[in-house]
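>>> Dropping the sequence and predicted coords here.
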Amino acid sequence: MASAPPPSAAKLYRANSFVSLPAELNPDAYDTSPEKRRAEAERLAIRSRLKRQYQLQLNNPSPPAIIENPALVRWAYAKSQNVYPTFRPTPKTSVLGAAYALGPLLFWIFVLKAARDRKEKRIQEGKYKRPFSVFF
(Lines give C-alpha, C1' and ligand atoms only; values in the text may rest on other atoms or scores of the structure.)
Protein backbone atom coordinates (compact mmCIF):
# COMPACT_ATOMS: atom_id res chain seq x y z
CA MET A 1 0.00 0.00 0.00
CA ALA A 2 1.12 3.54 -0.77
CA SER A 3 1.58 5.88 2.14
CA ALA A 4 -0.01 9.30 2.28
CA PRO A 5 1.98 12.18 0.76
CA PRO A 6 4.02 14.21 3.25
CA PRO A 7 2.33 17.36 4.58
CA SER A 8 3.09 20.57 2.74
CA ALA A 9 5.39 23.26 4.11
CA ALA A 10 2.40 25.50 4.77
CA LYS A 11 0.90 22.91 7.12
CA LEU A 12 4.22 22.40 8.91
CA TYR A 13 4.78 26.15 9.45
CA ARG A 14 4.75 27.36 13.05
CA ALA A 15 5.24 30.97 14.11
CA ASN A 16 8.62 31.68 15.67
CA SER A 17 8.29 32.67 19.31
CA PHE A 18 11.39 34.91 19.11
CA VAL A 19 10.25 37.01 16.16
CA SER A 20 7.10 39.09 15.97
CA LEU A 21 4.68 38.45 13.15
CA PRO A 22 4.66 41.05 10.34
CA ALA A 23 1.55 43.21 10.14
CA GLU A 24 0.54 41.59 6.83
CA LEU A 25 0.42 38.14 8.43
CA ASN A 26 -1.17 39.17 11.69
CA PRO A 27 -4.61 37.51 11.96
CA ASP A 28 -5.93 40.57 13.82
CA ALA A 29 -5.42 42.61 10.65
CA TYR A 30 -7.54 40.48 8.32
CA ASP A 31 -9.64 38.32 10.64
CA THR A 32 -11.50 41.12 12.36
CA SER A 33 -14.50 40.95 14.59
CA PRO A 34 -17.79 42.62 13.59
CA GLU A 35 -17.14 45.42 16.11
CA LYS A 36 -13.76 46.19 14.54
CA ARG A 37 -15.24 46.16 11.05
CA ARG A 38 -18.04 48.46 12.22
CA ALA A 39 -15.52 50.88 13.78
CA GLU A 40 -13.40 50.87 10.60
CA ALA A 41 -16.48 51.54 8.49
CA GLU A 42 -17.44 54.42 10.80
CA ARG A 43 -13.93 55.94 10.53
CA LEU A 44 -14.06 55.55 6.77
CA ALA A 45 -17.45 57.31 6.69
CA ILE A 46 -16.10 60.20 8.80
CA ARG A 47 -13.06 60.53 6.51
CA SER A 48 -15.24 60.53 3.41
CA ARG A 49 -17.59 63.16 4.89
CA LEU A 50 -14.63 65.40 5.76
CA LYS A 51 -13.18 64.87 2.29
CA ARG A 52 -16.51 65.74 0.66
CA GLN A 53 -16.86 68.87 2.80
CA TYR A 54 -13.32 69.96 1.89
CA GLN A 55 -13.92 69.30 -1.82
CA LEU A 56 -17.16 71.32 -1.69
CA GLN A 57 -15.32 74.25 -0.08
CA LEU A 58 -12.47 73.95 -2.55
CA ASN A 59 -14.69 73.88 -5.64
CA ASN A 60 -17.13 76.53 -4.42
CA PRO A 61 -17.56 79.30 -7.07
CA SER A 62 -17.37 81.93 -4.32
CA PRO A 63 -14.97 80.33 -1.85
CA PRO A 64 -14.23 81.73 1.59
CA ALA A 65 -10.95 83.56 2.11
CA ILE A 66 -9.30 80.65 3.90
CA ILE A 67 -10.19 77.01 3.46
CA GLU A 68 -8.99 75.08 6.47
CA ASN A 69 -8.02 71.48 6.08
CA PRO A 70 -8.26 69.87 9.54
CA ALA A 71 -5.62 67.27 8.71
CA LEU A 72 -3.22 69.99 7.59
CA VAL A 73 -3.90 72.01 10.75
CA ARG A 74 -3.16 68.95 12.91
CA TRP A 75 0.02 68.24 10.95
CA ALA A 76 1.22 71.85 11.26
CA TYR A 77 0.56 71.81 15.02
CA ALA A 78 2.41 68.53 15.46
CA LYS A 79 5.32 69.82 13.35
CA SER A 80 5.75 73.20 15.04
CA GLN A 81 4.21 73.30 18.50
CA ASN A 82 4.49 69.74 19.71
CA VAL A 83 8.28 69.31 19.52
CA TYR A 84 9.36 68.25 22.98
CA PRO A 85 7.15 65.18 23.55
CA THR A 86 9.03 63.48 20.71
CA PHE A 87 12.51 64.57 21.85
CA ARG A 88 14.30 62.49 24.47
CA PRO A 89 17.51 63.83 25.97
CA THR A 90 20.08 61.06 25.84
CA PRO A 91 23.84 61.05 26.28
CA LYS A 92 24.23 61.08 22.50
CA THR A 93 22.05 64.18 22.03
CA SER A 94 23.80 65.89 24.94
CA VAL A 95 27.24 65.27 23.45
CA LEU A 96 26.08 66.38 20.00
CA GLY A 97 24.53 69.53 21.46
CA ALA A 98 27.75 70.37 23.31
CA ALA A 99 29.81 69.67 20.18
CA TYR A 100 27.65 71.94 18.02
CA ALA A 101 27.63 74.69 20.67
CA LEU A 102 31.25 74.59 21.83
CA GLY A 103 33.01 73.06 18.81
CA PRO A 104 33.08 76.13 16.54
CA LEU A 105 33.92 78.40 19.47
CA LEU A 106 36.89 76.27 20.55
CA PHE A 107 38.02 75.91 16.93
CA TRP A 108 38.18 79.69 16.37
CA ILE A 109 39.84 80.27 19.74
CA PHE A 110 42.56 77.78 18.75
CA VAL A 111 43.02 79.27 15.26
CA LEU A 112 43.24 82.88 16.48
CA LYS A 113 45.53 81.99 19.40
CA ALA A 114 47.86 80.02 17.11
CA ALA A 115 48.00 82.92 14.62
CA ARG A 116 48.70 85.41 17.43
CA ASP A 117 51.44 83.20 18.93
CA ARG A 118 53.06 82.68 15.51
CA LYS A 119 53.02 86.44 14.90
CA GLU A 120 54.41 87.16 18.36
CA LYS A 121 57.23 84.64 17.84
CA ARG A 122 58.16 86.25 14.50
CA ILE A 123 58.14 89.69 16.14
CA GLN A 124 60.46 88.50 18.93
CA GLU A 125 62.84 86.90 16.39
CA GLY A 126 62.90 90.15 14.41
CA LYS A 127 61.57 88.54 11.24
CA TYR A 128 58.32 90.49 11.24
CA LYS A 129 58.09 94.25 10.94
CA ARG A 130 54.85 95.59 12.31
CA PRO A 131 52.96 97.67 9.78
CA PHE A 132 51.49 100.94 10.95
CA SER A 133 47.78 100.52 11.53
CA VAL A 134 45.32 102.98 12.99
CA PHE A 135 42.67 100.39 13.81
CA PHE A 136 44.77 97.52 15.20
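Received it, and whenever you're ready, just let me know what you need. Here the structure is a predicted model, which means the values were calculated and not measured.

>>> so what's Ala98 up against?
By C-beta atoms under 8 Å, 6 or more residues apart in numbering, no residues touch Ala98. (C-beta placed from N, C-alpha, C; glycine too.)

>>> Pull up the gap between it and Val134, please.
40 Å (C-beta to C-beta, to the nearest Å).

>>> pull the longest helix from the protein.
helix 91-125 (DSSP state H).

>>> Return the distance of that one from the chain's centre.
Offset of helix 91-125 from its chain centre (C-alpha atoms, centre = their mean, to the nearest Å): 33 Å.

>>> Look up how far Leu106 lies from Ala65.
Ala65 is 52 Å from Leu106, by C-beta to C-beta.

>>> no, scratch that, I was asking about Ala45
The value you get for Ala45 to Leu106, if C-beta to C-beta is used, is 60 Å.

>>> so Glu40, which of the three states?
helix (DSSP: H, G, I helix; E, B strand; the rest coil).

>>> Let's see the pLDDT reported for the spatially most central residue of the chain.
Centroid-nearest residue in the chain: Thr86, 9.2 Å away (criterion: C-alpha atoms, centre = their mean). With respect to pLDDT, Thr86 scores 72.
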